[in-house]
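S.K.: pasting the sequence and the predicted model now:
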Amino acid sequence: MKPEADLQQRFLFDTMGVRGELVRLDSSFKALLENHDYPREIKAQLGEALSAAALLASTIKLDGALIMQVEGDGPMRTLIAQANSDNTVRGLAHYDDSFETAAGFSELVGQGRMVITIDAQGSERYQGIVELKGDSIAETLKTYFTQSEQLPTQLWLTSIDGMAAGLLLNMGKEEVESLLEEMDVVETHCDFCMAKYNFDAVDVAALFSDAMPAEKGQ
């Protein structure tokens, strides 16, 4: 079957006040796998990591690369996913064969950490580090979002048969506006680039206006 084109889409459910990003990696993921004979379990984790990196890169203004690296003491010692500002992705995994069939994320990586690096042209390199949590890349990132973001973020990742996809949802406009009624200004802190962002009512309106409304059901 011929690989489908990759897809990256920003969207907004205007009736629910929810905005997000959707990414599907098909042709790029299959091209990467052609050069590596990874076991099925490793392929799945690499696909989810690539989807996560692409989603995170899409949420920030980036002229360079966002690199997500998982380091553990388990059979999969290193997992690296890189998303570039030209919409390309790269990735690799280092592992041994000491894991059981159908091993999950925690069984593969053991104890360790996730390092997220932003390498942007004209800016200092920044890193964020979080301890590995739960049994998936998504659970580790959800913990990171909880610790570092004031605006709620949800993340779903999947990878199967040479295709990977991810969905990221942020708090909706109505929820942000309710915070503005209480605080006048909503402050968020990005541990990726160590920057603080303040949003007033005008900023929030502009933030949501650049998202594409999702099609309503018939």
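M.R.: Good, I have the coordinates.
S.K.: all strands for this structure, in order.
M.R.: With strands called from DSSP state E, the chain shows them at 7-13, 18-25, 64-72, 76-84, 89-95, 112-120, 126-131, 153-160, 163-170, 186-190, 195-199.
S.K.: the fifth one packs against which elements?
M.R.: Packing partners of strand 89-95 (3 or more CB pairs under 8 Å, 6 or more residues apart in numbering; DSSP states H and E): helix 27-33, helix 40-58, strand 76-84. For the C-beta atoms, the positions are set from N, CA and C on the backbone; glycine is no exception.
S.K.: in this structure, which residue is closest to the centre?
M.R.: Nearest residue to the geometric centre of the chain (CA atoms, centre = their mean): residue 52, 2.8 Å.
S.K.: list the contacts of that residue.
M.R.: Applying CB atoms under 8 Å, 6 or more residues apart in numbering to residue 52 gives the contacts 68, 81, 137-138, 141, 155, 157, 166.
S.K.: same check on residue 160?
M.R.: Listed by CB under 8 Å, 6+ apart, the contact set of residue 160 reads 44, 47.
S.K.: what pairs with it across the strands?
M.R.: residue 163 (DSSP bridges).
S.K.: so what's the residue count around residue 107?
M.R.: If you count neighbours by other CB atoms under 10 Å, residue 107 ends up with 15.
S.K.: relative to residue 165, how far out is it?
M.R.: 23 Å (CB to CB, to the nearest Å).
S.K.: on that earlier part again, give me the lowest-pLDDT entry from the contacts of residue 52.
M.R.: When these are compared on pLDDT, residue 155 comes out lowest, with 89.
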